[in-house]
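Undergrad: The sequence and its predicted three-dimensional model are supplied below.
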Amino acid sequence: MTSTLPAFDVHADFDHPELRSWIPQDRLLWTPTELRDLTTIVAKDLAAELHELAEYVPEQRWWARLALTEGVELWLLTWLPAQGTAPHDHAGAAGSFTVLSGRVTEHYRYAPGPVRTRTHLAGPGIGFGPRRAHQVLNLSDAPAATVHAYSPPLLPTREYADLSDIREDLPRVAGATS
């Protein structure tokens, strides 16, 4: 049995004409640059709407899928202080995130290279290829919100005990760019 994704599925409280115009339904594979451009424009031009939708939950990070097509998924995540992810990769998908508010710290690695650390603030996002593994944390004393995109969509993440455990031969999706 095969399942197909909807041509365009959008969060009921986030259905904006601008959003639909920024996500071509016929684009089946997005580059890291295209994903970065998408998360950056969504965070910039729909900031008020994103803040209205966002929730901050003490028990865990909060998230909402904003849009889904056959080629891309778009998410809003919120982070209270001390919330974060486990080290993970995106199973061969390219990705991007843009900080909407606050700041997050990212520990990342392209195996076999070293683990690096970068603090991300509101502004232009970052796009990354399928071989990047990372851990994202809110190490600040204020809440943060981020917009994320992945292509192809709906690939399960793989978690690791530590970023040094990342395999050098991470799989990549056919056609995905580094």
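TA: Cool, got the structure. Residues are numbered from 1 along each chain as shown.
Undergrad: contacts and neighbour counts: CA atoms only from here.
TA: OK.
Undergrad: So the closest residue to Phe14 other than its chain neighbours, which state does it fall into?
TA: Leaving aside its chain neighbours, Phe14 sits nearest to Leu66 (6.5 Å; criterion: C-alpha to C-alpha, 6 or more residues apart in numbering). Secondary structure, DSSP: H, G, I helix; E, B strand; the rest coil: Leu66 is strand.
Undergrad: Could you check how far Leu66 is from Glu59?
TA: 22 Å (C-alpha to C-alpha, to the nearest Å).
Undergrad: Can you show me the strands along this protein?
TA: 9-10, 62-68, 73-79, 88-89, 94-101, 103-110, 116-121, 126-128, 132-137, 144-151, 158-159 (DSSP state E).
Undergrad: Now do the last one: which elements does it pack against?
TA: Right, strand 158-159. strand 88-89 (3 or more C-alpha pairs under 8 Å, 6 or more residues apart in numbering; DSSP states H and E).
Undergrad: Which neighbouring elements make contact with the strand it packs on?
TA: Judged by 3+ C-alpha pairs under 8 Å, 6+ apart, strand 88-89 is in contact with strand 132-137, strand 158-159.
Undergrad: May I have the longest one exported as CSV, CA atoms only?
TA: So the one you mean is strand 132-137. The C-alpha trace of strand 132-137 is given here as CSV (Å, rounded to 0.1, in the frame of the first residue of the first chain):
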residue,chain,number,x,y,z
ARG,A,132,24.8,17.4,9.1
ALA,A,133,24.0,16.1,12.5
HIS,A,134,23.2,18.5,15.3
GLN,A,135,21.8,19.2,18.7
VAL,A,136,19.8,22.4,19.3
LEU,A,137,19.4,23.9,22.8
